[in-house]
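Undergrad: Generate a structure from the sequence data that follows.
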Amino acid sequence: MTKLLWNLLLVSLGSICAAIGFNSMFLHNHIASGGMVGLSVSFQELFDWNPSTFLLFTNIPLLLLCLIFLGKDTFLKTLFGSWFYPIAIKLTAGLPNLTENPLLAALFGGVIVGFGLGLVFWGNSSTGGTGIITQIIHKYSPLSLSLAMAITDGFSVAMGFVAFDVDTVMYSIIALGVISYTVYLMEVGPSSARNMMIISPQNQAIQSYISSQLDRGVSRIPIQGGYTGQEKTMLMTTISSREVYHFEKAILEIDPIAFIVITPASHVRGRGFSLTKHYELAEQDLILPM
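TA: Okay, the predicted model is just below:
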């Protein structure tokens, strides 16, 4: 029950935040930033349809898809978001337009709306509309949530060519990019870590540097060369992104021909990252502490 209430709170706050960005930045500047919300901007210009009413009615068939593909629990939470978001747009409709500059509206509005949608996604829900399609794609494909949103909302932005000029649509594309990136940052965090894998004859000296100078744990992984069949040892460690430059420089000073592979680690849990580091030898650790 506590988790459900927390999710509903996140959806409520996120919907209000996104609605504020929509009414104070997007609507009057004709920023059709994707999704059903973007279509509502275009259709208000073409047919004078009220955005909140349009969103309420178009969510009905999409909610049926949500029930089929995302399950009853997500449907119930999405039902609340799809109802509350249009209401939030209606309640914030009287907010003044904060800027007449469409570029500023696209940039700052994108951050506000993206932050609001990020909160909604944290609540394991959506505001309805193409957000439902986004979650379906994210669930049944390897695409990240932000990339799935960019793809589905891109179709909505393209509809802006019918209602607005090319410049306005390009501002809408900028807004969509800012929204997607903001959601991405909330999804993976602003400063992801890096996995470092090193193959070198000087692995003992490199291991000593990682342990004593870098103060990070390191794993020794036995490998075999595919061409020579020679047995070797690969070192693996996880460090913060800001440590990469100095780490790579120090490794190449030890062995100028060391083979180094650096891969993103968008979510890291454990001692030294999400937990306080301590210095006791734990038998079950994968990457042992110093």
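Undergrad: which phi and psi does the residue lying closest to residue 219 once chain neighbours are set aside have?
TA: Counting by Cβ to Cβ, 6 or more residues apart in numbering, residue 219 lies nearest to residue 236, which is 4.8 Å off, once chain neighbours are set aside. Every residue, glycine included, has its C-beta placed from N, CA and C. When read as degrees, to the nearest 10, the backbone of residue 236 gives phi -130, psi 130.
Undergrad: okay, now residue 236: neighbour count?
TA: Burial measure for residue 236: 17 neighbouring residues, criterion other Cβ atoms under 10 Å.
Undergrad: where does it land on pLDDT?
TA: Looking at residue 236, its pLDDT stands at 93.
Undergrad: Mind listing the residues bridging to it?
TA: residue 197, residue 219 (DSSP bridges).
Undergrad: That one touches residue 222, doesn't it?
TA: No: Residue 236 is beyond contact range of residue 222, at 11.7 Å (criterion: Cβ atoms under 8 Å).
Undergrad: Got the phi and psi for residue 228?
TA: Backbone torsions for residue 228, taken as degrees, to the nearest 10, come to phi -90, psi -20.
Undergrad: Walking through the stretch 51-200 of the chain, point out its strands one by one.
TA: Secondary structure of the stretch 51-200 of the chain by DSSP state E, counting those that start in this stretch: the strands cover 193-199.
Undergrad: Under the pLDDT cut-off, which ranges of it? List them.
TA: The model of the stretch 51-200 of the chain has pLDDT under 70 over residues 188-192.
Undergrad: returning to what we had before: would you quantify the distance from the residue nearest to residue 219 to residue 229?
TA: Taking Cβ to Cβ, to the nearest Å as the criterion, residue 236 is separated from residue 229 by 22 Å.
Undergrad: So the closest residue in space to residue 258 that isn't next to it in sequence versus residue 97, what's the distance?
TA: Nearest residue to residue 258 in three dimensions, chain neighbours excluded: residue 200, at 3.9 Å (Cβ to Cβ, 6+ apart). In this view, residue 200 and residue 97 are 59 Å apart by Cβ to Cβ.
Undergrad: who's more crowded, the two?
TA: Neighbour count, other Cβ under 10 Å: between residue 200 and residue 97, residue 200 has more, with 22 against 13.
Undergrad: got the buried residues for the host helix or strand of residue 40?
TA: For residue 40, the host element (DSSP states H and E) is helix 35-47. Going by neighbour count (16 or more other Cβ atoms under 10 Å), the buried part of helix 35-47 is 35-45.
Undergrad: SS state for residue 33?
TA: Applying DSSP: H, G, I helix; E, B strand; the rest coil to residue 33 yields a three-state assignment of coil.
Undergrad: Count the neighbours of it for me.
TA: Residue 33: 31 surrounding residues under other Cβ under 10 Å.
Undergrad: ok, now which ones touch the closest residue to it other than its chain neighbours?
TA: Nearest-residue entry for residue 33: residue 175, 4.1 Å, with adjacent residues in sequence omitted and distances by Cβ to Cβ, 6+ apart. By Cβ atoms under 8 Å, 6 or more residues apart in numbering, residue 175 lies in contact with 26, 31, 33-34, 105-107, 109-110, 113.
Undergrad: got a markdown table for these, with distance to residue 124 too?
TA: A markdown table is the format used below for those (distance: Cβ to Cβ, whole Å):
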| residue | distance to residue 124 |
| --- | --- |
| 26 | 25 |
| 31 | 28 |
| 33 | 23 |
| 34 | 21 |
| 105 | 30 |
| 106 | 28 |
| 107 | 28 |
| 109 | 25 |
| 110 | 23 |
| 113 | 19 |
